[in-house]
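Asker: Take a look and give me a structure for this.
(chains A and B)
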Amino acid sequence: MDFPILTLITFLPIIGMIVILFLKSEQKDAIRYTALISTALQLLMAVFLLMNFNYQAAGINDESSFQFVEKVRWITIPNISWLGTIKIDYFLGIDGLSILMVFLTAFVSFIATISSWNIPKQIKGYMAMFLLLDAGMMGVFVSLDFFLFYVFWEVMLLPMYFLIGIWGGPRKEYAAIKFFIYTLFGSIFILLTMIGLYFSATEMVDGVRLHTFNLVELTKAASYSADGILSAANPNNYRFIAYIFLFVGFAIKIPMFPFHTWLPDAHVEAPTPISVILAGILLKLGTYGILRINFAIFPEITVQLAWWIGLFGVINIIYGALVALAQKDFKKLIAYSSISHMGYVLLGMASLSVTGISGAIFQMFNHGTITAMLFLIVGVIYDRAHTRGVEEFGGLANKMPIYTGFVTVAFFAAIGLPGLSGFISESLVFIGAFGYTTTRILTIVALFGILLGAAYMLWTLQRLFFGKFNEKWQALTDIDTREYIMFIPLTIVIIYLGIQPSLALDLMNTSVKAFVQFINTAGF
Amino acid sequence: MDLSYFITSLTSIQPELMVLATLLVVLVFDLIFKQKKTFIPYIALAGLVATFFFLINQFGISQTAFITSEETQFGMFSLDPFSTFFKFIIVVSSFLVILMSISSSEIKNVNSRSGEYYTLIFGMILGMMFLASANDLILIYISLELLSLSSYVLAGFLKKDRRPSEAAMKYLIFGSISSAIMLFGISLFYGLFGTTNLNEIASFGSVSGMETITLTISTIFIFAGIGYKISSVPFHFWTPDVYEGAPIPITAYLSVASKSAGFALLVRFVRVGFTNTTLENGFWMLLDGFDWQLFLTIIAIATMTIGNLIALWQDNLKRMLAYSSIAHAGYLIAALVAFNNESLLAILVYFTFYLLMNFGAFYVIMVVKNKHNTEDINDYDALGTTSPFLAVVMTFFLFSLSGVPPFAGFIGKLYIFIALVDAKLLVLAVIALLNSTVSVYYYMRVLKHMFLTKKTDTSKTVEVDLFDKVVLLALAIPTLVFGLYFSGVVNLAQNSINILGF
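Answerer: Residues are numbered from 1 along each chain as shown, chains lettered A, B, ... in the order given. Here you go, the predicted structure:
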């Protein structure tokens, strides 16, 4: 690939950010349009990637079948006797595991930019931080070098801290620092494993074996030296501990029970567009990291721990749903439902089957679109009523009929109603997990999650839109043009993928097959 | 020892002689031209630039000087790439400290005494540069005292206030006690080995039996003197008070240059005095007799944990950075615990970045203090709106100090963890990592005050003049650039890990 499209899709928001920094704070519209154009171009490039994606190339552990690859030497520190040459590559590429996530990032960022249109204060700083965050997220999904991956991973922290801390709700400072410390705590474990892997594995470069951060090389048993601390060949290796370290690092991002406590705070305090980004994209980084790094680099431990991963998935599903059932704050309710839905992803991954993992990745995408829409819905009502108490409303269906329509679509998609995208991915997860004997019992328990999900969603729908109309909200208006522009694309994606899921599933099919085959051969 | 040999030895200490010459010029100039004191810093800067060129000439040279006995080939003074690297750090930070002093209102207020001020700074430089190369316990002690005596006076230079005087007093008392203990340790060493030369001490090989006890006691005594300079627990009690009471440029200087000289000494003391060979994979063979690994592990864990935990509660920024610098000393000691060449690499790389970010943070504090005469964290409220430039560069420095990519501090930490993981010291690595998570909280607290807290009174803007802006940018830009592209620094450090004798 001659044209560096992945570099462009990653750094385009940064270019937008630099342009914004040179604009004056008074030029509000110029700032908004710069951000909009950056994310729109990013979305166009993501569509271009989708259209040119080769459905037959697997990726996973074969460097040659990754697509749109860019590989340049980033850092070289020449050799001295005791520490070999240090090299770090600028290595980007995508395969079936990441293509959907790249599209999701571009798509949700674009919607969130529109949603950010009316940010009341310091729009310049906001948009600059927002675009930096966008670049960081995109960078994580396209990086194939662990070091690069880690840098992008940490780059996201800084803007997120400010976005929650400056533009958030009443307890924003607490939420921002909690988010920051929690995720940093997770990432230091990732860092430690990264260094361990670096010392254990080598890659052939120009006829010499050099230590490597290359995520593709790290999946191959042949890359590891016999005495490396993370080499399977070394009888005294630390692979199990490293796996747990990495898993905890990523689990905090998902967030997986019991590391989930930052999420409700962050969501409740964050402004709407940031909640959209947080739920729509950031949480997927955790599950993506587990697939790309934990599963692919430590297949034998993955197989060993599959039941535990499934168990935590089920705990997430049931616990998230139960807590959501008890919430009176609309946004907190959606936040906990989001924890619940991420549980399906974990369960699907634990099944180690093509169906289950396809379902998990598809669920990541669908959760991204559906939850993004749910948070936008919360934003719409909060903008108008300045409260999010579910029980303060009632009978809004007559007052805001179109809004009610969109809400119904999103809620039903979240419940998993057939015909909408959430149904397909959840079914695939269940079919996959039920088919694998290890996770069969867990699947049966998880099915109750659907029931609970339906309960809190429908109950919320009822409390908000049906029943007696509260006269206090006489002045509420139905959604405006800007909100239409946000809702319609999301609704189209949700409905269309519910009818024709193969559009998304075909993209990942080859990769997931290769991935599952790889884990099953290397893991057992 | 004939005269010609003495003169050959003098060529090894050209940079030190240049510093000495500048010291004398400053002193004489101050006496003769009483009305032109504003020129003095520029003379000092010129002297440092000249010293820098002498250092560049010396880079890569390994030779010994001032041989005291005919039997061994090692003298009192070791010129090697390792010490030259530290001298670079010392000279660059001296350059920065003089720039800071030019801009600092605290120093401007006592302009009449600026001759003494710069003379004393050069006294410190001289002490530190000798310390980085000292290969003999006597020279170590003398240069340590030269460094200490100059810094006692500088710490209390603003003698009209109560706090600086208290700081200087504390510094003096703690300093003299630890140096007395150290001297006692040195005398025990002489009793054990009959020599004060580090190479000759190592050539005795392992000690056993009753001598082990003497060695242990005397080594810990000597460490008291070193630990005091690098402010490691339990010799750190002076740090917060002195950092708070001293003029800001001196605080920054103590936290970077003086600490780096202390580390150069610690590394050389352990490396030359207690190891004899290097294994093929870069690990050092420690001599039996004193368990450095255990001792330094405990010191490292205590230093970083105590530093970080107390820093959490500080409202005075100078005091907070004092505790944070104790914690950073802990990370650096942890790096040394790996006892391999990667430890040295990590220490050198870390110090390079630490110089940028710590000086940067202190510089911002100084600019704010110049305008508002405050160091309290609450007075930084809404600095992000009243003075965006200062707030943004401070963000760079603080993020770098907390070790978050893509800033330089991350690369420094990365190299420390590389050294630890390669030596399979996973527990220590995890403790260090947990510590750096804790540290993020107090750095972020400053950010919280600068950006998130609203202030009713927005009239207190801080104008940054061009001079300060240039210096701050010169510190902030490398902090970011080295975080993304660090080959140059690491490469230089790799070429500088050679200690004379190995």
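
Asker: buried stuff in the strand or helix carrying residue A:184?
Answerer: Residue A:184 is located in helix A:172-200, with elements delineated by DSSP states H and E. Neighbour counts using 16 or more other CB atoms under 10 Å in any protein chain shown place A:172-173, A:175-200 of helix A:172-200 among the buried residues. To be clear about C-beta, it is placed using only N, CA and C from the backbone, and glycine gets the same treatment.

Asker: Point out the other elements, helices or strands, that that helix touches.
Answerer: Counting contacts by 3 or more CB pairs under 8 Å, 6 or more residues apart in numbering or on different chains; DSSP states H and E, helix A:172-200 packs against helix A:146-155, helix A:157-167, helix A:239-253, helix A:262-269, helix B:408-422, helix B:426-447.

Asker: Pick the most buried one from those helices.
Answerer: helix B:408-422 (a mean of 26; mean count of other CB atoms under 10 Å in any protein chain shown).

Asker: That helix vs helix B:426-447, what angle?
Answerer: 170 degrees (axes from the mean of the first three to the mean of the last three CA atoms, to 10 degrees).

Asker: Helix B:408-422 near chain A at all?
Answerer: Yes: judged by CB under 8 Å from any CB of the partner chain, helix B:408-422 comes into contact with chain A at B:410, B:414, B:417-418, B:421-422.

Asker: tell me which of the residues you listed is nearest to residue B:480?
Answerer: residue B:410 (10.9 Å; CB to CB).

Asker: Not counting residues beside it along the chain, what's closest to the closest one?
Answerer: Spatial nearest neighbour of residue B:410, excluding adjacent residues (CB to CB, 6 or more residues apart in numbering or on different chains): residue B:403 at 5.1 Å.

Asker: burial of the closest residue to chain B within the stretch 401-524 of chain A, as a residue count?
Answerer: Here the stretch 401-524 of chain A gets closest to chain B at one residue, residue A:522, 24.2 Å apart by CB to the nearest CB. Residue A:522 has 19 neighbouring residues, counting by other CB atoms under 10 Å in any protein chain shown.

Asker: Might you report the residue contacts of it?
Answerer: By CB atoms under 8 Å, 6 or more residues apart in numbering or on different chains, the contact set of residue A:522 is A:221, A:299-300.

Asker: quick one: secondary structure of the residue of the stretch 301-450 of chain A at minimum distance from chain B?
Answerer: Of all residues in the stretch 301-450 of chain A, the one sitting closest to chain B is residue A:301 (17.2 Å; CB to the nearest CB). With DSSP: H, G, I helix; E, B strand; the rest coil as the basis, residue A:301 sits in helix.

Asker: Chain neighbours aside, what residue packs nearest to it?
Answerer: residue A:243 (4.4 Å).

Asker: can you tell me which helix in chain A is longest?
Answerer: helix A:354-385 (DSSP state H).

Asker: so where's the stretch 301-450 of chain B shaky on pLDDT?
Answerer: The model of the stretch 301-450 of chain B has no residue with pLDDT under 70.

Asker: all helices of it, in order?
Answerer: For the stretch 301-450 of chain B, helices defined by DSSP state H, counting those that start in this stretch occupy the ranges B:317-337, B:341-372, B:383-386, B:388-402, B:408-422, B:426-447.
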